[in-house]
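Trainee: Next come a sequence and a model predicted from it.
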Amino acid sequence: MSRVTRVRVLVAALAQIAALVLVAAFVQAQPRVQDELNRAKADLQLKKFDEAARRFSKLAEAGNPVAQFYMGRLTAMGQGTPKDMVKASEWFRRSAEQGYAEAQAVLGLNYMQGLGVPVSYAEGARWSKLAAEQGHGGAAYNLAKMYASGGPGLPADRAQAEKWAKLATAKGFPDALAAKPERPARSAEATSIFEEGQRAYRAGDMARAASLFARCAQTGDAPCQLQLGWHYEEGKGVPKNLAEAVKWYRAAAEQNDPRAAENLGNMYQFGRGVARNCKTAVDWYARGALSNDHRSLYSLGRMYQFGFGVKEDRAKAHAYYRQAAALGDHKAREALATFKQFSFPDQQSAAIYDERVTRYMSAITACQAQADRERRTVRCLVPDVDLNPKTWQEC
């Protein structure tokens with residue numbers, strides 16, 4: 001064997017050894033990466049957003065697609081990092097380019113709605129299709145919507161719309177092609193006043209904004225009525241008046257404005273400006289959900305999950321959360337992530353549960369102390385702790 005041949009053999013052997021070392025290092029690193037991902041997810045569930053962002057950011061910068069997706073979520077919500085939809089979409093893109101279906105679905109929705117990227121149905125359809133082909137029902141639902149109506153860069157295509165709507169339905173989503181409730185046409189005058197009111201609002205002149213919205217609300221314009229209701233609810237530019245807020249939310253909701261229907265549902269659920277009524281709240285959430293409003297869908301899912309105003313139905317709750325999540329609702333995504341765990345409907349309920357546990361344990365301790373003093377053998381039983389939040393508050 002010549003010297004040159006021996007050198008070549010040696011180089012090849014060293015290259016093979018180096019490759020084996022790299023493979024071994026990669027295999028060893030995987031459990032550590034997964035462990036760090038799990039820790040970051042746990043921080044997110046515990047609302048330790050700064051810590052979650054720190055962990056996810058490190059993994060995302062190293063190229064992990066799951067961490068990149070979560071960094072997109074945190075950046076979109078401004079949790080643990082400044083809110084920035086452009087940066088959020090960039091994180092989603094980096095994850096999507098590695099084939100992560102959830103990121104592809106969100107990026108498709110962002111292009112559909114112009115969130116951090118220019119509106120482009122062509123790009124929205126491209127990314128949504130990649131996710132739908134991996135079996136993502138929410139992406140298929142959005143894809144069907146885009147093909148049904150057509151939009152910037154994407155002509156309407158009924159056959160494609162029906163194809164993807166069928167897949168979405170098979171994944172548990174409602175019919176994407178079902179007709180939405182009709183909303184009255186807006187007059188040019190009302191549109192002009194509304195836009196002027198929006199400019200005043202963005203400039204911080206709440207009194208002028210409220211005055212303009214009141215002016216066009218009187219003409220029956222639903223968007224102006226919705227906005228005026230918000231001003232009365234928050235006391236921005238007008239004295240706070242919850243009854244007036246309910247009045248204007250109702251006026252807009254009765255014209256099939258989905259956001260107004262969701263707001264009105266909230267007013268009934270929490271008894272703000274109107275007597276608390278869970279069943280009526282459900283009715284308004286359901287009305288908003290008919291227009292595929294993600295807030296209404298999330299709220300409706302929550303009512304079914306906890307049995308507020310309706311018979312508890314976790315299957316329905318899960319379906320509504322999935323639909324809301326597909327439309328970009330982050331609360332719905334969080335609800336899905338913890339759906340199999342027991343959860344409280346609110347902090348007040350959690351506090352009541354903690355108080356009950358403390359009271360029960362005190363009773364057991366007192367029972368045992370009494371038995372010890374009397375030198376008796378007594379079995380102090382722990383009472384059942386009621387986990388049913390519906391018994392704690394009406395809604």
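Mentor: Thanks, I have the structure now. Residues are numbered from 1 along each chain as shown.
Trainee: Okay, buried residues for the helix or strand hosting Glu90 please.
Mentor: Glu90 belongs to helix 85-96 when assigned by DSSP states H and E. Using 16 or more other Cβ atoms under 10 Å as the test for burial, helix 85-96 gives Met85, Lys87, Ala88, Ser89, Glu90, Trp91, Phe92, Arg93, Arg94, Ser95, Ala96. Bear in mind the C-beta positions are built from the backbone N, C-alpha and C, glycine included.
Trainee: Tabulate those (CSV), appending distance to Arg215.
Mentor: Shown next, in CSV, are these (distance: Cβ to Cβ, whole Å):
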residue, distance to Arg215
Met85, 32
Lys87, 39
Ala88, 37
Ser89, 37
Glu90, 41
Trp91, 42
Phe92, 41
Arg93, 43
Arg94, 47
Ser95, 46
Ala96, 45
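Trainee: Quickly name whichever of those residues is closest to Glu196.
Mentor: Met85 (25.7 Å; Cβ to Cβ).
Trainee: mind listing what the closest residue to the closest one other than its chain neighbours touches?
Mentor: Nearest non-adjacent residue to Met85, counting by Cβ to Cβ, 6 or more residues apart in numbering: Gly116, 3.4 Å away. Gly116 makes contact with Ala76, Asp84, Met85, Val86, Lys87, Ala88, Ser89, Glu90, Asn110, according to Cβ atoms under 8 Å, 6 or more residues apart in numbering.
Trainee: Where do the domain boundaries of the chain fall?
Mentor: 35-170, 188-337, 347-391 (automatic domain parsing).
Trainee: need the contact list for Ala351.
Mentor: Applying Cβ under 8 Å, 6+ apart, no residues contact Ala351.
Trainee: Just the element for it, please.
Mentor: helix 347-373.
Trainee: how close does the closest residue in space to Lys316 that isn't next to it in sequence get to Glu262?
Mentor: What sits nearest to Lys316 in space, not counting adjacent residues and going by Cβ to Cβ, 6+ apart, is Tyr304, at 4.5 Å. As judged by Cβ to Cβ, to the nearest Å, Tyr304 and Glu262 stand 15 Å apart.
Trainee: How about Tyr147?
Mentor: From Tyr147 to Glu262 the distance is 27 Å (Cβ to Cβ).
Trainee: For Ala261, see how far away Thr191 is.
Mentor: In terms of Cβ to Cβ, Thr191 sits 21 Å off from Ala261.
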